[in-house]
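Participant: my questions are about this predicted structure, shown below with the sequence.
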Amino acid sequence: MARSKSAVRTRDADRTRARILASATRVFAAQGYAGASTNEVVKACGVNKRMLFHYFGDKDGLYRTVILQQWVELKEWFDSAAKRYLEEHGSLPTDTPTLLQESARIACRFMAERQDFVRLMMWDGLEGGRAANSIWREVRGPLFVQVEFLLRAAQDEGQLPRNLDPAQLVVSFLGAISFYYAFAPTLKEIIGRDPLSAQALKEREEQAVRLLAAVLSRRA
């Protein structure tokens with residue numbers, strides 16, 4: 001059966017939009033919002049600039065979409081990990097420490113594979129955080145609330161001191177995890193090997209999980 005013209009147009013439109021978004025992700029990750037231009041984006045992906053404005057409105061809309069996509073993909077990693085765990089074990093873990101450690105492991109793997117995510121978050125923070133703040137209700141907030149809930153549960157279960165503020169702990173562990181991937185090019189002398197090699201990334205993941213486990217081993 002021949003495909004309808006509308007289906008072909010929709011598929012082509014989706015592909016064009018995806019090409020623009022992929023190109024914009026690379027350009028913004030390399031130069032930040034202020035340093036990047038829409039001319040560079042369309043040149044890199046080979047589309048007419050009119051198409052960029054058609055799909056994203058303007059540079060602000062394009063940048064916000066790039067940041068939003070990064071956080072949506074992080075959420076999808078958590079969702080996929082939960083689905084795989086459920087398929088392998090028949091049920092999700094119910095103990096809080098395991099859930100928190102798995103969350104740290106997923107965050108490490110995501111940042112190791114998605115270096116653009118780390119660069120984009122650094123640029124956005126340096127430039128005022130406007131894009132990241134604008135998507136708080138859509139995806140960043142719900143992710144934060146989930147982790148904060150687990151930390152409070154750990155306190156209620158006596159596995160985490162109550163003098164540690166859960167919100168501050170989220171910030172602390174985000175820093176502990178993201179710093180490595182953000183500054184990996186400067187860490188070779190510290191760890192004695194290529195920080196982004198498979199072995200080094202595996203070791204870093206284990207160290208991050210062990211750090212969280214050590215905090216959780218302290219009683220209130």
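Facilitator: Structure received.

Participant: contacts, neighbours, all on C-alpha from now
Facilitator: Will do.

Participant: start and end of stretch 186-201, how far apart?
Facilitator: Start and end residues of stretch 186-201 are separated by 15 Å (Cα to Cα, to the nearest Å).

Participant: mean confidence score for it?
Facilitator: Taken as a whole, stretch 186-201 has a mean pLDDT of 95.

Participant: now do stretch 143-154
Facilitator: The model assigns stretch 143-154 a mean pLDDT of 92.

Participant: can you give me the buried ones in the helix-or-strand element of the chain with minimal mean pLDDT?
Facilitator: Least confident helix or strand of the chain, by mean pLDDT, DSSP states H and E, is helix 5-35 with a mean of 86. Residues 16-17, 19-21, 23-29, 32-33 are the ones in helix 5-35 that count as buried (16 or more other Cα atoms under 10 Å).

Participant: now the two most distant members of those.
Facilitator: Thr16 and Gly32 (22.4 Å; Cα to Cα).

Participant: re the thing from before, following the least confident helix or strand of the chain, which helix or strand comes up?
Facilitator: helix 38-45 (DSSP states H and E).

Participant: now do the helix or strand just after that next one against helix 38-45, angle only.
Facilitator: Using DSSP H and E, the next helix or strand after helix 38-45 towards the C-terminus is helix 49-56. On the basis of axes from the mean of the first three to the mean of the last three Cα atoms, to 10 degrees, helix 49-56 is oriented at 100 degrees to helix 38-45.

Participant: helices or strands up against helix 49-56?
Facilitator: Of the remaining helices and strands, those touching helix 49-56 by 3 or more Cα pairs under 8 Å, 6 or more residues apart in numbering; DSSP states H and E are helix 5-35, helix 38-45, helix 59-89.

Participant: make TSV out of those and add distance to Val170.
Facilitator: Formatted as TSV, these follow (distance: least, Cα to Cα, whole Å):
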stretch	distance to Val170
helix 5-35	24
helix 38-45	34
helix 59-89	16
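
Participant: against Glu138, how distant is the residue nearest to the spatial centre of the chain?
Facilitator: Taking Cα atoms, centre = their mean, the centroid of the chain lies closest to Leu74, which sits 4.3 Å from it. For Leu74, the distance to Glu138 (Cα to Cα) stands at 13 Å.

Participant: quick one, phi psi at Arg162?
Facilitator: Arg162 has phi and psi values of phi -80, psi -10 when expressed as degrees, to the nearest 10.

Participant: repeat that for Leu164.
Facilitator: According to degrees, to the nearest 10, Leu164 has phi -100, psi 120.

Participant: which one of the helices and strands packed on helix 49-56 lies nearest to Arg114?
Facilitator: helix 59-89 (8.8 Å).

Participant: tell me which residues in the helix or strand just after the closest one are buried?
Facilitator: Following helix 59-89 in sequence order, the next helix or strand is helix 96-113 (DSSP H and E). Applying a neighbour-count criterion of 16+ other Cα under 10 Å, the buried positions in helix 96-113 are 96-97, 99-108, 110-112.

Participant: can you check stretch 73-90 too?
Facilitator: Those would be Leu74, Lys75, Trp77, Phe78, Ala82, for stretch 73-90 by 16+ other Cα under 10 Å.
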